[in-house]
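# got a structure for you, letters missing:
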């Protein structure tokens, strides 16, 4: 393990990918998609965080399959999509900076050597070069739409593992919705999902929204007063292209039905 314990002046080098991905920036849909855990890149300077590649490729390092679903869904809806290319193990973009697990020391039983004994400066640089540009891009799109008077629903895209290593338990849900106080759009989406055949739908399962610790929905949704929905799709259903396409088609149908109910324009 050769990753530095103390910060350099910059973390990302010339061969590292840009942290933020943007698709369909001018999309005319009422939906704006965000994907906090789309990628599992690690800056070269961090030497893979001291982990085997297989660890970065499992759910602790990336929301498996969700980037493919999100891109397909964004294209179907003509919706903007903002996504993060770096692993949640480098910095968790869905945690407030004050949250202890914004840079995890252990994740689902795996110790993260590259995150041990970080200085305050090193933490600040990870946030400043990876998490903050992502959220600035989300904010910029939402601000521009608000200024233009474009109706907007925020759609947060995630996937989850069928079972945790640290707490083995078969999670039966095919998809879960996570929500806080504002359920204006979540409830129509739940109603539309309930009309889908053979789906086990979780309500705040396998996770809920923690308004004190989480970032994306609390800040970009609840605090803005924007209607939102947060999807968690079981990763074994979307780990391949066919599943990603099938779920993009399903969510397009569900979102359009829910939006019709939400706006009073349902047939």
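The structure has been received and is ready for your questions. Predicted, not measured: the structure shown is a model, and the values here were computed from it.

# for this structure, what spans make up the strands?
20-23, 31-35, 81-84, 106-107, 110-111, 153-160, 175-178, 201-203, 228-234 (DSSP state E).

# The ones you listed into a markdown table, with extra columns for distance to residue 243, mean neighbour count and mean pLDDT?
C-beta: built from backbone N, CA, C; applies to glycine. Below are the strands of the chain laid out as a markdown table (distance: least, CB to CB, whole Å; neighbours: other CB atoms under 10 Å; pLDDT from 0 to 100):
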| stretch | distance to residue 243 | mean neighbour count | mean pLDDT |
| --- | --- | --- | --- |
| strand 20-23 | 20 | 17 | 98 |
| strand 31-35 | 16 | 27 | 98 |
| strand 81-84 | 18 | 28 | 98 |
| strand 106-107 | 24 | 16 | 96 |
| strand 110-111 | 26 | 16 | 96 |
| strand 153-160 | 11 | 24 | 98 |
| strand 175-178 | 12 | 24 | 98 |
| strand 201-203 | 17 | 16 | 97 |
| strand 228-234 | 9 | 25 | 98 |
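
# Could you dump these into CSV with distance to residue 212 added?
Formatted as CSV, the strands of the chain follow (distance: least, CB to CB, whole Å):
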stretch, distance to residue 212
strand 20-23, 25
strand 31-35, 20
strand 81-84, 22
strand 106-107, 20
strand 110-111, 25
strand 153-160, 17
strand 175-178, 15
strand 201-203, 20
strand 228-234, 16
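
# where in the stretch 151-267 of the chain is pLDDT low?
For the stretch 151-267 of the chain, applying pLDDT under 70 flags the ranges 166, 266-267.

# Could I get the full set of helices for it?
186-194, 241-263 (DSSP state H, counting those that start in this stretch).

# Which residue, neighbours along the chain excluded, lies closest to residue 111?
Nearest residue to residue 111, sequence neighbours excluded (CB to CB, 6 or more residues apart in numbering): residue 105, at 7.1 Å.

# Pull up the gap between that neighbour and residue 152, please.
36 Å (CB to CB, to the nearest Å).

# Between those two, which has more neighbouring residues?
A count of neighbours by other CB atoms under 10 Å puts residue 152 above the other of residue 105 and residue 152, at 20 against 13.

# In contact with the more buried one, which residues?
Applying CB atoms under 8 Å, 6 or more residues apart in numbering to residue 152 gives the contacts 30-32, 142, 145-146, 226.

# what do you get if the cut-off is 10 Å, keeping everything else the same?
Contact analysis of residue 152 by CB atoms under 10 Å, 6 or more residues apart in numbering lists 29-32, 79-80, 141-142, 145-146, 224, 226-228.
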